[in-house]
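> structure, please.
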Amino acid sequence: MSTDHAHAMSHLDREPTSFDSYKDRYKTIRLERTDGILEVTFHTDGGPLQWSLLAHNEFEDAFLEIGRDRENDVVILTGTGEAFSGPAIAPGRHPNRRTMTPEIYDPIQWEGKHLLPNLLAIEAPVIAAVNGPAVRHAEIPLVSDIVLATDDTYFQDTAHFPGGMVPGDGMHVVMPLLMGPTRGKYFLYTGQQVSAAEAKEIGLVNEVLPREDLLPRARELARLLLQQPRLVRRYTRTVLTEDLRQRLHGLLGYGLALEGMARMKSS
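Modelled structure (predicted):
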């Protein structure tokens, strides 16, 4: 902890969040921090992330804790192996469609209301290093401040409309905003695959890199951002995410409610 920060915190009647209190808490997230740069690596049993209700639960909590810890100066989000997130869902075959009751869905929608807002509330620049196809919850890396991708990456939403579900958990806000309304709706309705090259062309991705250069470039950019004072970094992140945070505040709960109704068991 910096001397100035330690002095400031000494006047508060509480202890700051410590990295040790949460760094080993998660089964789907590996956390490593060096010189204020936090690397957040998503995985399932050490391999590529297989999206699940466990991941849904842990991401919401992890993003909250990361945001609480003021020693996280820059955050890098990445995956494991040759894919960022999966598995792809076959058309109309989402395993959780028409399986819900209000009691089962309630904690899922609560986590859904907080997952993206908790990510956007992290007051440190966030760099996504997308290490391969992101076919589940591609919005998570795409709302980062800087997005890097390997040349074999593509983005797709297989779980929602193509899989038989309403894209109401933030995809309905994020993708039309980032891609433009016409492109975003087409992406969500059709399950379109957007390659890394096309994603760069339309502004979803900043740089497309060979796999071996991905994390080194993310770390290089993180060190560049560290050259600015902490409050400049924190407040720049805040002003640049505020518009999306406001949009989610008004539309996320509504989208989750509609998604939930369409997931209920048939009577």
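> contacting residues around stretch 212-226?
35-37, 73-74, 76, 78, 125, 127, 129-131, 146, 148-150, 207, 209, 233 (CB atoms under 8 Å, 6 or more residues apart in numbering). In short, each C-beta sits where N, CA and C put it, glycine included.
> also stretch 39-57?
So stretch 39-57 is in contact with 27-33, 62, 66, 75-87, 108, 111-112, 115, 132, 136-137, 159, going by CB under 8 Å, 6+ apart.
> emit the PyMOL select command for whichever of these are buried.
For the buried members of these, the matching PyMOL selection, counting by 16 or more other CB atoms under 10 Å, is:
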select buried, resi 28+29+30+31+33+62+66+75+76+77+78+79+80+83+84+85+86+87+108+111+112+115+132+136+137+159
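> low pLDDT regions in the stretch 51-200 of the chain?
95, 97 (pLDDT under 70).
> can you pull out the strands in it?
Taking DSSP state E, counting those that start in this stretch to define them, one finds strands in the stretch 51-200 of the chain at 74-78, 126-130, 146-150, 154-155, 194-195.
> phi first, then psi, for residue 33.
phi -130, psi 130 (degrees, to the nearest 10).
> how far away is the nearest residue to it once chain neighbours are set aside from residue 73?
Leaving aside its sequence neighbours, residue 33 sits nearest to residue 19 (CB to CB, 6 or more residues apart in numbering; 5.9 Å). For residue 19, the distance to residue 73 equals 12 Å [CB to CB, to the nearest Å].
> show me the helices in the stretch 151-267 of the chain, by range?
171-179, 181-190, 196-201, 211-225, 230-263 (DSSP state H, counting those that start in this stretch).
> highest average neighbour count across those helices?
helix 171-179 (a mean of 21; mean count of other CB atoms under 10 Å).
> neighbour count: residue 19 and residue 73, which is higher?
Counting neighbours by other CB atoms under 10 Å for residue 19 and for residue 73 shows that residue 73 has the greater number, 20 against 16.
> circling back to that earlier point, what sits against the residue nearest to residue 33?
Residue 19 touches 31, 33, 69, 71-72, counting by CB under 8 Å, 6+ apart.
> could you dump the helices of the stretch 151-267 of the chain to a markdown table with distance to residue 120?
A markdown table is the format used below for the helices of the stretch 151-267 of the chain (distance: least, CB to CB, whole Å):
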| stretch | distance to residue 120 |
| --- | --- |
| helix 171-179 | 10 |
| helix 181-190 | 18 |
| helix 196-201 | 20 |
| helix 211-225 | 17 |
| helix 230-263 | 5 |
